[in-house]
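Asker: using only what follows, build the 3D model:
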Amino acid sequence: MAVSIALRWVRRIVVLAFCAATALVLFAVFRPPPQDLPWTPLRLDQPAGLFTGRKTVALGRDATACRAVLKDAGLRFTAVTPRGPEACRVGNSVRIAPRQEMLTLAPVVATACPVAAGLLIWQAQVVQPAAQGLLGTTVARIEHFGSYACRRMYGRSEGNWSEHSTGNAIDISAFVLADGRRVSVLRDWSKGDAPGRFLHAVRDGGCPLFATVLSPDYNAAHRDHLHLDQADRGDMGWRACR
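Answerer: Take a look at the predicted model:
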């Protein structure tokens, strides 16, 4: 009886060892890129991968690490001094310097650091390629309605606080192209032409990079902008894209 039990344990150990060895060999042969692994540090100059979105959201838990990521990417910014009441506490925000090609927001804005990180990846890897492919030019300026607003969702008097209440969101309203054309969410979203397809492409491309992406397809309150935020819903948190 004892010999039989011992043999079963030996077989189990051999099987586990074989599986572990196979996994190591597969990992060595088909080594995934760093952005597809959950334990590697986030770099904004790498193509977005399976864990890029979650890593970007997690930057909201460490202001120092988040600012280091922005600095390594070459973004010019200044840290915003923590301020405000508990529900509208600004604690991990940066003011993005104007007139820099890598992030062409207008007007000048202060937003939560993880939002700035997501915007850097989005502009370089989604917005500009979509503009070149669908509109034949690049984006010179991304216009927005702002980031910080101490309010509850939809401006209600009660209920959950908006991600805007801590600057952890930004509302994108339009894209000004290098040739002078202006693509507006309000005017062009529902059109089936190239500007309309461009807006849908940048919405879809933002979904892996932001915790929440809301467009005119969501409801009338978003008819004139794309809402992008980095809501922290935990390591396995759900993502919203509509």
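Asker: residue ranges of the helices in this protein, please?
Answerer: 2-29, 52-58, 63-73, 113-122, 128-135, 185-188, 194-206 (DSSP state H).
Asker: the third one to helix 113-122, inter-axis angle?
Answerer: Helix 63-73 runs at 20 degrees relative to helix 113-122, counting by axes from the mean of the first three to the mean of the last three Cα atoms, to 10 degrees.
Asker: list the contacts for Gln46?
Answerer: By Cβ atoms under 8 Å, 6 or more residues apart in numbering, the contact set of Gln46 is Pro33, Pro34, Gln35, Thr52. Backbone N, C-alpha and C define where each C-beta goes, glycine included.
Asker: give me the pLDDT for it.
Answerer: Note on Gln46: pLDDT of 93.
Asker: which parts of the lengthiest strand in the chain count as buried, going by neighbours?
Answerer: For the chain, the longest strand by residue count, based on DSSP state E, is strand 169-177. By 16 or more other Cβ atoms under 10 Å, the buried positions in strand 169-177 come out as Ala169, Ile170, Asp171, Ile172, Ala174, Phe175, Val176, Leu177.
Asker: now stretch 67-80
Answerer: When neighbours are counted by 16+ other Cβ under 10 Å, the buried residues of stretch 67-80 are found to be Arg67, Val69, Leu70, Ala73, Leu75, Phe77, Ala79, Val80.
Asker: ok, now stretch 128-146?
Answerer: Gln128, Ala130, Ala131, Leu134, Leu135, Thr138, Val139, Ala140, Ile142, Glu143, His144, Gly146.
Asker: likewise stretch 161-170?
Answerer: Within stretch 161-170, the residues that count as buried by 16+ other Cβ under 10 Å are Ser162, Glu163, His164, Ser165, Thr166, Gly167, Asn168, Ala169, Ile170.
Asker: pull the CA atoms of it into CSV?
Answerer: Provided in CSV are the C-alpha atoms of stretch 161-170 (Å, rounded to 0.1, in the frame of the first residue of the first chain):
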residue,chain,number,x,y,z
TRP,A,161,-18.0,60.5,-8.3
SER,A,162,-16.7,60.9,-11.8
GLU,A,163,-13.2,60.1,-12.7
HIS,A,164,-13.0,63.7,-13.7
SER,A,165,-13.2,64.6,-10.0
THR,A,166,-9.6,63.6,-9.6
GLY,A,167,-8.4,64.5,-13.1
ASN,A,168,-8.3,60.8,-14.0
ALA,A,169,-10.1,61.4,-17.3
ILE,A,170,-10.1,63.6,-20.3
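Asker: what's the neighbour count on the residue lying closest to Ala130 once chain neighbours are set aside?
Answerer: Of all residues not flanking Ala130 in the chain, Ala201 sits nearest, at 4.3 Å (Cβ to Cβ, 6 or more residues apart in numbering). By other Cβ atoms under 10 Å, 17 other residues sit near Ala201.
Asker: contacts only, for Ala201.
Answerer: Val126, Ala130, Leu134.
Asker: quick revisit: list just the nearest of the buried residues of stretch 161-170 to Arg89.
Answerer: When those are ranked by distance to Arg89 (Cβ to Cβ), Thr166 comes first, at 6.1 Å.
Asker: give me the low-pLDDT residue ranges for this structure?
Answerer: Where the chain drops to pLDDT under 70, the residues are 1-12, 14-31.
Asker: how is this structure carved up into domains?
Answerer: The chain resolves into domains spanning 1-31, 34-241 when parsed by automatic domain parsing.
Asker: measure how buried Lys191 is and give me the count.
Answerer: 12.
Asker: correction: the previous question concerned Val202.
Answerer: With other Cβ under 10 Å as criterion, Val202 counts 27.
Asker: sweet, I'm off.
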